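**Student:** got a structure for you, letters missing:
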């Protein structure tokens with residue numbers, strides 16, 4: 001079937017379409033129907049089914065004779081460690097850990113916070129919770145104590161599973177003191193903590209509260225899988241909220257299994273038994289969906305990578321792993337490719353490795369600028385597929401459905417709506433805009449299976465954040481346009497559409513122009529306050545390694561380029577060269593924070609920031625341009 005046939009099949013009979021996809025999951029009690037709309041707009045999927053996520057991710061593969069297949073490959077260039085864990089070994093390890101948790105009182109519905117680095121034990125902890133029907137909430141390892149405390153008070157976990165430390169190139173991140181400080185700060189106290197001691201740092205355990213990962217499991221009875229209702233929460237994942245109070249995105253169990261399993265073949269084009277690699281972290285939604293659940297439910301081999309795209313040890317580390325483990329589909333963020341491109345602009349490291357097993361590369365997490373895509377296409381000689389989704393949605397919503405049909409690639413667009421979505425562009429009043437016009441991106445309700453049914457303990461906030469502004473639709477918070485062929489272009493967050501003398505302009509479109517300059521490795525454009533025009537665009541440029549041109553000449557070039565390609569209406573005259581941009585740990589550029597610094601507004605340093613010292617550097621650059629004077 002072609003993409004159009006599959007999409008039309010969903011559109012004409014959504015109920016039948018999702019019930020058909022549900023057949024690929026092993027049910028304790030199959031669902032009687034897909035959509036439950038009695039409590040609209042709080043829709044649910046497969047609510048009356050009974051199912052277990054860990055059984056689908058692990059046990060069923062063992063029972064189907066695939067126990068010897070590798071489930072998890074662990075590769076840490078930081079510790080020089082490599083391990084492979086088969087599905088059989090994974091089942092035994094997870095059943096043991098679940099048994100130990102059960103012996104300490106963890107049962108269906110209890111919350112467990114997981115605060116771990118990129119080690120296989122992080123996945124085992126997630127799966128052990130799923131095995132018991134406990135609801136896990138993974139918090140990015142090394143997150144600040146205050147932020148961890150906020151999440152402890154919101155989720156109220158009965159237990160916390162943590163590691164003694166995490167590892168970054170050249171330094172050890174001390175997790176245990178952060179965990180202790182968070183528990184001290186939190187009003188809610190967990191009953192107990194389980195600490196995975198790493199040899200790089202053995203943490204001090206608190207008597208009566210903390211248990212050693214290995215000793216804790218000694219002599220316990222392995223746990224069987226506990227059936228849960230289809231609408232039972234599998235996990236809570238906190239995403240940053242505009243108020244500074246994190247939003248606990250809830251993922252229900254059945255819809256999550258059905259949707260992720262469908263994407264593994266239809267979007268990522270992998271078959272069971274093949275190796276799939278998402279170079280992300282379990283602290284983010286990509287780690288939940290495409291390091292842990294998606295690949296394992298589908299019977300793939302997944303890679304847990306503890307390293308960086310550059311510096312562990314060089315910009316060839318991605319290509320080494322792809323060659324060594326015969327990776328078929330590779331998923332990373334554009335920021336990772338920009339880092340590699342900046343260090344290795346001519347692709348010398350790519351040439352050192354055999355990438356013949358690699359079929360496709362996928363990019364998501366932020367806008368993929370055309371220059372980065374062209375660089376990757378040219379150096380790798382593979383289809384480079386930009387696709388778009390959100391923490392809230394849980395899996396791709398707009399993508400080139402490579403496993404169904406490779407559609408023509410349009411650089412700058414993540415392609416087309418997938419089954420479950422019918423994206424459209426609307427103005428502030430919710431009126432649909434003509435093709436090619438910039439506006440807010442929305443999709444009609446109900447959202448498909450596996451998307452967020454609500455926020456944890458915050459139903460009103462859920463409705464207000466996503467369902468109120470455009471009645472009957474889910475508000476993405478992104479702005480963009482749709483072309484004549486139905487391809488969606490995500491141009492910016494709604495907040496990043498700037499108003500220059502009454503003209504609504506996308507900072508993303510300007511960034512595309514800046515990124516196409518041969519000396520620019522990475523860039524960001526923000527809108528700064530202006531008395532005359534309301535807002536003016538201001539560009540930040542990071543240059544390629546080895547670039548020795550005068551900065552003033554490069555700035556002059558990009559100003560001319562924006563004038564030529566977007567027009568004088570953009571009023572683009574300000575740009576500055578910086579060493580680096582402020583980003584979250586997942587690679588998103590903190591544009592809203594940069595705007596507040598420029599406009600002398602109060603701001604909270606985002607909890608997810610990779611390195612807060614960059615904000616001081618940005619302030620100095622802005623002052624050089626006459627901003628951030630406060």
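**Tutor:** Right, received. Where do you want to start? Note that the structure is a prediction, hence the values are computed from the model and not measured. Residues are numbered from 1 along each chain as shown.
**Student:** domains in this structure, as residue ranges please.
**Tutor:** 86-226, 501-624 (automatic domain parsing).
**Student:** Go through those and pick out the most buried.
**Tutor:** Of all the domains of the chain, domain 86-226 has the most neighbours on average by mean count of other C-beta atoms under 10 Å, namely a mean of 20. C-beta: built from backbone N, CA, C; applies to glycine.
**Student:** Just the element for the closest residue in space to residue 576 that isn't next to it in sequence, please.
**Tutor:** Of all residues not flanking residue 576 in the chain, residue 621 sits nearest, at 4.8 Å (C-beta to C-beta, 6 or more residues apart in numbering). Following DSSP states H and E, one finds residue 621 within helix 613-624.
**Student:** elements contacting that helix?
**Tutor:** Counting contacts by 3 or more C-beta pairs under 8 Å, 6 or more residues apart in numbering; DSSP states H and E, helix 613-624 packs against strand 534-543, strand 574-577, helix 591-598.
**Student:** Serialize the ones you listed to JSON lines and add fields for mean pLDDT.
**Tutor:** Shown next, in JSON lines, are the helices and strands packed on helix 613-624 (pLDDT from 0 to 100):
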{"stretch": "strand 534-543", "mean pLDDT": "92"}
{"stretch": "strand 574-577", "mean pLDDT": "94"}
{"stretch": "helix 591-598", "mean pLDDT": "90"}
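**Student:** closest one to residue 364 among the ones you listed?
**Tutor:** Closest to residue 364 of those, according to C-beta to C-beta: helix 591-598, at 18.0 Å.
**Student:** quick one on the thing from earlier: what lies in contact with the helix holding residue 621?
**Tutor:** Helix 613-624 is contacted from outside by 538, 540, 576, 578-583, 593-594, 597-598, 605, 609, 628-629, using C-beta atoms under 8 Å, 6 or more residues apart in numbering.
**Student:** Now residue 120. Its backbone dihedrals?
**Tutor:** With angles defined as degrees, to the nearest 10, residue 120 sits at phi -60, psi -30.
**Student:** Go ahead and confirm it touches residue 70.
**Tutor:** No: if you go by C-beta atoms under 8 Å, residue 120 and residue 70 don't touch, sitting 11.4 Å apart.
**Student:** Please enumerate the shared neighbours of the two.
**Tutor:** Shared contacts of residue 120 and residue 70 (C-beta under 8 Å, 6+ apart): residue 85.
**Student:** Skipping adjacent residues, who's closest to residue 473 in space?
**Tutor:** residue 442 (4.1 Å).
**Student:** ditto for residue 529
**Tutor:** Distances taken as C-beta to C-beta, 6+ apart place residue 599 nearest to residue 529, at 4.7 Å, with adjacent residues excluded.
**Student:** Could you check how far that neighbour is from residue 531?
**Tutor:** Counting by C-beta to C-beta, to the nearest Å, the gap from residue 599 to residue 531 is 12 Å.
**Student:** Low-confidence ranges, this structure, go.
**Tutor:** 241-244, 494-495, 502, 504, 630 (pLDDT under 70).
**Student:** ok, 50 please
**Tutor:** Scanning the chain for pLDDT under 50 picks out no residues.
**Student:** what sits against the residue with the largest distance to the centre of it?
**Tutor:** Within the chain, residue 532 marks the point farthest from the mean C-alpha position, 38.8 Å out by C-alpha atoms, centre = their mean. When contacts are counted by C-beta under 8 Å, 6+ apart, residue 532 touches residue 501.
**Student:** Assign a three-state SS to it, would you?
**Tutor:** coil (DSSP: H, G, I helix; E, B strand; the rest coil).
**Student:** show me where the stretch 401-550 of the chain has strands.
**Tutor:** Here the stretch 401-550 of the chain has its strands, by DSSP state E, counting those that start in this stretch, at 416-417, 424-426, 439-444, 473-482, 488-493, 497-500, 503-506, 520-530, 534-543.
**Student:** Skipping adjacent residues, who's closest to residue 2 in space?
**Tutor:** Closest to residue 2 by C-beta to C-beta, 6+ apart is residue 405, at 5.0 Å.
**Student:** and what of residue 575?
**Tutor:** Distances taken as C-beta to C-beta, 6+ apart put residue 539 closest to residue 575, at 3.7 Å, once the chain neighbours are dropped.
**Student:** Next: residue 211.
**Tutor:** Once flanking residues are discounted, residue 211 sits nearest to residue 194: 5.2 Å by C-beta to C-beta, 6+ apart.
**Student:** Determine how far the last residue of stretch 331-348 lies from the first.
**Tutor:** End-to-end distance for stretch 331-348, by C-alpha to C-alpha, to the nearest Å: 21 Å.
**Student:** Centre of the chain to it, how far?
**Tutor:** Its chain's C-alpha centre and that of stretch 331-348 lie 18 Å apart, by C-alpha atoms, centre = their mean, to the nearest Å.
**Student:** Pull out the buried residues from that stretch.
**Tutor:** In terms of neighbour count (16 or more other C-beta atoms under 10 Å), stretch 331-348 has its buried residues at 331-345, 347.
**Student:** Looking at the residues you listed, which are in strands?
**Tutor:** Cross-referencing those against strands under DSSP state E gives 331, 332.
**Student:** Which pair of the buried residues of stretch 331-348 spans the longest distance?
**Tutor:** 331 and 345 (22.9 Å).
**Student:** Surely residue 250 and residue 457 touch.
**Tutor:** No: using C-beta under 8 Å as the test, residue 250 is too far from residue 457 to be in contact (9.4 Å).
**Student:** Looking at these two, which is more packed in?
**Tutor:** Neighbours were counted for residue 250 and for residue 457 using other C-beta atoms under 10 Å; residue 250 has more, 21 against 12.
**Student:** next helix or strand past the host helix or strand of that one?
**Tutor:** Using DSSP H and E, residue 250 maps to strand 247-252. Following strand 247-252 in sequence order, the next helix or strand is helix 253-266 (DSSP H and E).
**Student:** show me the contacts for the residue lying closest to residue 384 once chain neighbours are set aside.
**Tutor:** Distance criterion C-beta to C-beta, 6+ apart; nearest residue to residue 384, sequence neighbours excluded, is residue 376 at 4.6 Å. Applying C-beta under 8 Å, 6+ apart to residue 376 gives the contacts 337, 361, 363, 382, 384.
**Student:** For the last one, give the beta-bridge partners.
**Tutor:** Assessed by DSSP bridges, residue 384 has beta-bridge partners residue 361.
**Student:** Residue 363 is in contact with that one, correct?
**Tutor:** Yes: counting by C-beta under 8 Å, residue 363 is a contact partner of residue 384 at 6.7 Å.
**Student:** what touches both of the two?
**Tutor:** With C-beta under 8 Å, 6+ apart as the test, residue 384 and residue 363 both reach 373, 376.
**Student:** Report the distance from the longest helix along the chain to the chain centre.
**Tutor:** Longest helix of the chain, by residue count under DSSP state H: helix 87-103. Relative to its chain's centre, helix 87-103 lies at 27 Å (C-alpha atoms, centre = their mean).
**Student:** and the helix or strand just after it, what does it pack onto?
**Tutor:** Later in the chain than helix 87-103, the nearest helix or strand by DSSP H and E is strand 111-115. Where contact means 3+ C-beta pairs under 8 Å, 6+ apart, strand 111-115 is packed against helix 120-132, strand 135-138, helix 145-155, strand 159-163.
**Student:** which residues are contacting strand 111-115?
**Tutor:** By C-beta under 8 Å, 6+ apart, the surrounding residues in contact with strand 111-115 are 101, 106, 122, 125-126, 129, 134-139, 141, 143, 148, 151-152, 155-163, 175, 179, 190, 236, 282.
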